[in-house]
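Enquirer: Got a predicted model here, sequence first, then my questions.
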Amino acid sequence: MPKITINGKEIEFEKGMTVLQACELAHVEIPRFCYHEKLSIAGNCRMCLVEMEKSAKPIASCAMPAAEGMNIKTNTAFVEKARKGVMEFLLANHPLDCPVCDQGGECDLQDQSMYYGIDKSRFAENKRQVKEKYMGPLIKTQMTRCIHCTRCVRFATEVAGVPEIGAIGRGENMEITTYLEKAMESELSANVIDLCPVGALTSKPYTFEARPWELKKTESIDVMDAVGSNIRVDTYNWEVKRILPRLNNEINEEWISDKTRYSCDGLLKQRLDVPYIKKDNRLQKSSWDETIELILNKIKSTQPNEIGGHIGDMINLENALAFKKLFKVLNSNNLEFREKKFYINSTNKINYIFNSSINGIEDSDLILLIGTNPRHEATILNARIRKTFVQKGIPIFSIGNPGDLTYDYTIIGNKTDDIKKILNKENKFSQKLLSVKKPIVIIGESALELNSGKYIFEEIKSFLKNNNFINKDWNALNFLPQNASTVGLIDLKVLSEENEKNYSFFEKLSNNKFKLLYLLGSDNLEIKKNNEFIIYQGSHGDRGAEIADVVLPSAAYTEQNGLYENLEGRVQECKKASYPIGEALEDWKIFNLIINKLGKTENLSNFNLLRQEVLNSMPNFSKINELPIYKDSENKDITMNFTSEEILIKELDYFYTNSISRASKTMSECRQINRNSKKNWN
C-alpha cells in the first residue's frame, strides 16, 4: 500500500483516497463545510486547507488525491493563518443571529468560528442580504446565512434524484434556491437540514421548539415501513420533539425518509388515553374494570371459532407473541396480520425476506422489479438502488409500471404472461438475466395479491434456484413487504396453516362468521361491520377505533421497548423514549388483565420472558442487529394455478399509510402539496 507522511507520521492509505481521508486515518481532524462522505467532492469552501511540502500555496485536502511520498502538515502557523482567512471571508456576510438560530448548538460554522474566527472584520462593505425561499412545509430557509457549500444541491441531484435545488446568479449575487420555489418532490427532502453546516436550512415543524442540550436522546428504530431505519428520538418533558437519522451503513446510511422524520407530531394528536365503551351508538369514557368485564362477558358467550384477531402494521414482536398467547387461552387460531390477501410461504425464511440485503444491492449487476414501487413502499431501499444505478450504471427492469422511481428503468411487461415467458426462456430478457452474476429480483405485495401470486413466487424461486442464483454466497430472491411487523409476525407463526394457504380469516370476515373481532393496532383492514362485537386496542383514535364497541388505549412505538424484524430478517430493538399517555398501557399488560380475569394466571406474560421466547422462536437467528443465517431448502413440488392477468402496482397513499402519519399535521400538509402538484402536472 502507498504511504503518506502526515505531521511527521507515516500512514498507509488506499489508492484513490484524498488527502483529507488520509488525514482521518492518522486521526487528524480537518475542518470542512462542503465535504461530505456520501456526496461528490465540490472543493468550494476551502476550509480544509493544509500545507504540502514543495507547494507555495495551501491545498484543499478534500479535493487533492493522496499520492505516494506526500508530506502533509496540518497544524502549522501557515495553515492556521490560511484557515482564519477563509473563515473571515465566510463570516463577511453572515448575520449575527446565533441566539435565535435553530441550528445553535449543532452548527458547524459556530464550532469552527470559535477556533478560527476573529473578533473583528476587515470588510467595510455592507452585508449582503438574500430573500427567503419557499421549500415546502418541511424546510425553513434563511438564505442570508448560506455559505454556498452546495451540500443541499449535491444531495438533491445525487442521492434524492430530484435536481430541483441549484444556484442562480453569479459572484456576490449567487443564491441557492429551488428553481420554481416550490416544495422538493422527494420523500428524502428533509435530509438537507442535517447536511446544512449553517442555519440556512432548518426544520420548519421544529422551529423554536427546543435547544439540543435540553433534549433527551434515545437511539431507536423506525416503524413507518419495513426497512427498519436507525433513528434517534429526541424528547423534551417526555414529548417527542424530533426524529433524526442514526448512522448505519448496512441499512439507511445516514438518511431517513420525510415520513420517518416528521410523522412524530402525530404521536400527540388523536391519542387514546382512557378506555371507551360504545353506549347509545356513541363511544363514552369508561374504566379499565368496566371494559375488561364487558370483554370477558362477550368472550364467555362466544364460541372460540367465532373469535378473530387481527394484528396491525406497527406491533412489536413481544406484544404480538403475547396476543398469540391470549388467543391460545381463548382456544382460537383465527389470527391474521395481512391487510389484504397476498401469497406467503412460511416454510423457509428465504421465502419472505429481502435475501440480497439492503447493503448487498451495491454488489448487484441487474435488478428486476415485479409488482412493486420501492420509492413509496421502502424509500430508503429505493435510495440504495439509485445509488447503485448512479455509481455502476446497472440495468433496471420492471414488470408493471411503478411510475417515477428517480432512476431510469425499462418496463418489460405488465402481465403475468410476460413472467411466464421469462421463466420459459421465451423472452430476450431471460438471456440477459442468465448472463449476469449477481441479479436481484424484488417481488412486491401487488404481484403476490394476484390469482397467480403463488405461481409468480414459486416459479421465480424455482427458476433462480435452478440457475444457481440462490446459494450461500448470493441469494437473488427478494420479497418486499410494506409493513414493519410483517416479517417478524411470519417468524412467530402467527398464521395458522389454514389461514396462510386458504385465506380462511378473510373468508370468515367477509361472510360475517366472527361474532367477536379483536383488532390489535389494526387500522388498515377493510371491515364491513355487521353484528360483530369489535374490540380495538391501539394508540390512536383512527379507523379501527371508529368502528369499535370497546376501545383499549395502548402505547405508541416510542413509548415502549420492543423488537422489530426488518425486511432483511434483521432483528432490531426499538427503545422507550417517552411514557404512555393518560391511562394507556403497553399491549402485553392489557392482555395480562384479560387473562387474569379469565382465571388463567399460569398464562400471564412477563416482558423479559416474552423477549427471550421471541428470540428463541426466530428461525435462522444469529444475534440482534445481524442478518439471519442462510439455510438452504429443497424445491418441493407445489400445485399452483396460472392466470393471465395484468400486474397493477397499487398506489400507496404515501403520507397516510398508518395511524400515526394520518394524525400528523405535517404529513397532511405534505399530502396536500403532493396532490396539488400532481393536479398541476396533469
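Expert: Received it, and whenever you're ready, just let me know what you need.
Enquirer: With adjacent residues omitted, what lies nearest to Lys513?
Expert: With CB to CB, 6 or more residues apart in numbering as the criterion, Lys513 has its nearest non-adjacent residue at 6.7 Å, and that residue is Glu306. To be clear about C-beta, it is placed using only N, CA and C from the backbone, and glycine gets the same treatment.
Enquirer: Quick check: the one you found vs Asn512, distance?
Expert: Distance check for Glu306 against Asn512: by CB to CB, to the nearest Å, it reads 10 Å.
Enquirer: okay, those two: which has more neighbours?
Expert: Regarding Glu306 and Asn512, a neighbour count based on other CB atoms under 10 Å identifies Glu306 as having more, with 16 against 12.
Enquirer: contacting residues around the residue nearest to the spatial centre of the chain?
Expert: The central residue of the chain, meaning the one whose C-alpha is nearest the mean C-alpha position (CA atoms, centre = their mean), is Ser229 at 4.4 Å. Contacts of Ser229 were listed using CB atoms under 8 Å, 6 or more residues apart in numbering, and they are 221-222, 245, 248, 251-252, 256-257, 260, 380.
Enquirer: Out of these, which is nearest to Glu68?
Expert: Out of the contacts of Ser229, the one with the shortest distance to Glu68 is Asn248. That distance is 34.2 Å, counting by CB to CB.
Enquirer: if we can go back for a sec, so which of the contacts of Ser229 are in helices?
Expert: Within these, residues falling in helices by DSSP state H are 260, 380.
Enquirer: Low-confidence bits of the stretch 101-250 of the chain, can you list those?
Expert: Within the stretch 101-250 of the chain, the set of residues satisfying pLDDT under 70 is empty.
Enquirer: top helix in this protein by residue count?
Expert: Criterion DSSP H: the longest helix present in the chain is helix 665-681.
Enquirer: Now do the end-to-end distance for stretch 418-432.
Expert: Terminal residues of stretch 418-432 are spaced 15 Å apart (CA to CA, to the nearest Å).
Enquirer: now stretch 60-69
Expert: Terminal residues of stretch 60-69 lie 18 Å apart, using CA to CA.
Enquirer: Quick one: mean pLDDT for stretch 271-281?
Expert: pLDDT averaged over stretch 271-281 equals 94, rounded to a whole number.
Enquirer: can you list the residues that contact it?
Expert: Outside of stretch 271-281, the residues that reach it under the criterion CB under 8 Å, 6+ apart are 283-288, 290-291, 294, 538-541, 545, 548-554, 556, 581-584.
Enquirer: now the residues you listed: which count as buried?
Expert: If you count burial by 16 or more other CB atoms under 10 Å, the buried members of the contacts of stretch 271-281 come out as 283, 286, 291, 294, 538-541, 545, 548-554, 556, 581, 584.
Enquirer: any idea whether Ser113 is helix, strand or coil?
Expert: Taken by DSSP: H, G, I helix; E, B strand; the rest coil, the conformation at Ser113 corresponds to helix.
Enquirer: show me the contacts for the residue lying closest to it once chain neighbours are set aside.
Expert: Across the structure, with CB to CB, 6+ apart as the measure, the residue nearest Ser113 apart from its sequence neighbours is Met87 (6.0 Å). Applying CB under 8 Å, 6+ apart, one finds that Met87 lies in contact with 47, 112-113, 116-118.
Enquirer: could you pull out the strands for the stretch 401-550 of the chain?
Expert: 410-413, 439-444, 477-480, 516-520, 533-538, 550-553 (DSSP state E, counting those that start in this stretch).
Enquirer: With mean pLDDT and distance to Ile4 added, can I get those strands in CSV?
Expert: Listed next are these as CSV, based on pLDDT from 0 to 100; distance: least, CB to CB, whole Å:
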stretch, mean pLDDT, distance to Ile4
strand 410-413, 94, 44
strand 439-444, 96, 38
strand 477-480, 96, 41
strand 516-520, 96, 59
strand 533-538, 95, 58
strand 550-553, 96, 61
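Enquirer: Lys127: which of the ones you listed is closest?
Expert: For these, proximity to Lys127 was assessed by CB to CB; strand 477-480 is nearest, at 50.9 Å.
Enquirer: Just list what the closest one packs against, helices and strands only.
Expert: Strand 477-480 makes packing contacts with strand 439-444, helix 453-466 when contacts are defined by 3 or more CB pairs under 8 Å, 6 or more residues apart in numbering; DSSP states H and E.
Enquirer: which of these sits most buried?
Expert: strand 439-444 (a mean of 24; mean count of other CB atoms under 10 Å).
Enquirer: I'd like to check the angle between that strand and helix 453-466, please.
Expert: Angle of strand 439-444 versus helix 453-466, following axes from the mean of the first three to the mean of the last three CA atoms, to 10 degrees, is 170 degrees.
Enquirer: which residues sit against strand 439-444?
Expert: Residues contacting strand 439-444 (CB under 8 Å, 6+ apart): 354, 356, 360-361, 364-374, 377, 433, 456-457, 460, 464, 469, 476-480, 649.
Enquirer: Only C-alpha atoms, please: export the helix or strand harbouring His376 in CSV.
Expert: Element membership of His376, judged by DSSP states H and E, is helix 374-377. What follows is helix 374-377 as a C-alpha-only set of coordinates in CSV (Å, rounded to 0.1, in the frame of the first residue of the first chain):
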residue,chain,number,x,y,z
PRO,A,374,-39.9,0.8,-3.9
ARG,A,375,-39.9,4.6,-3.8
HIS,A,376,-43.1,4.6,-1.8
GLU,A,377,-43.0,1.1,-0.2
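Enquirer: Quick check: which helices or strands does that helix pack against?
Expert: Contact analysis of helix 374-377 by 3+ CB pairs under 8 Å, 6+ apart lists helix 379-392, strand 439-444 as its packing neighbours.
Enquirer: I'd like the next helix or strand past the longest one.
Expert: This points to helix 379-392. The helix or strand immediately downstream of helix 379-392 is strand 396-399, counting by DSSP H and E.
Enquirer: neighbours of the nearest residue to Asn373 once chain neighbours are set aside, just the number please.
Expert: For Asn373, the nearest residue in space outside its immediate sequence neighbours is Pro402; the separation is 3.8 Å by CB to CB, 6+ apart. Using other CB under 10 Å, the number of residues around Pro402 comes to 22.
Enquirer: Tell me how far Pro402 lies from Lys650.
Expert: Separation of Pro402 from Lys650 (CB to CB) stands at 11 Å.
Enquirer: Next: Val50.
Expert: Remark: distance between Val50 and Lys650 (CB to CB) = 54 Å.
Enquirer: One more: Phe642?
Expert: In this view, Phe642 and Lys650 are 21 Å apart by CB to CB.
Enquirer: How about Glu362?
Expert: The gap separating Glu362 from Lys650 is 28 Å, by CB to CB.
Enquirer: go on, Ile256?
Expert: 24 Å.
Enquirer: In terms of neighbours, single out the busier of these two.
Expert: Legend: neighbour count by other CB under 10 Å for Ile256 and Lys650, higher for Ile256 (28 against 16).
Enquirer: you'd agree the more buried one is up against Arg242?
Expert: No. Shown here, Ile256 and Arg242 do not form a contact pair, counting by CB atoms under 8 Å, at 11.3 Å.
Enquirer: Okay then, goodbye and thanks.
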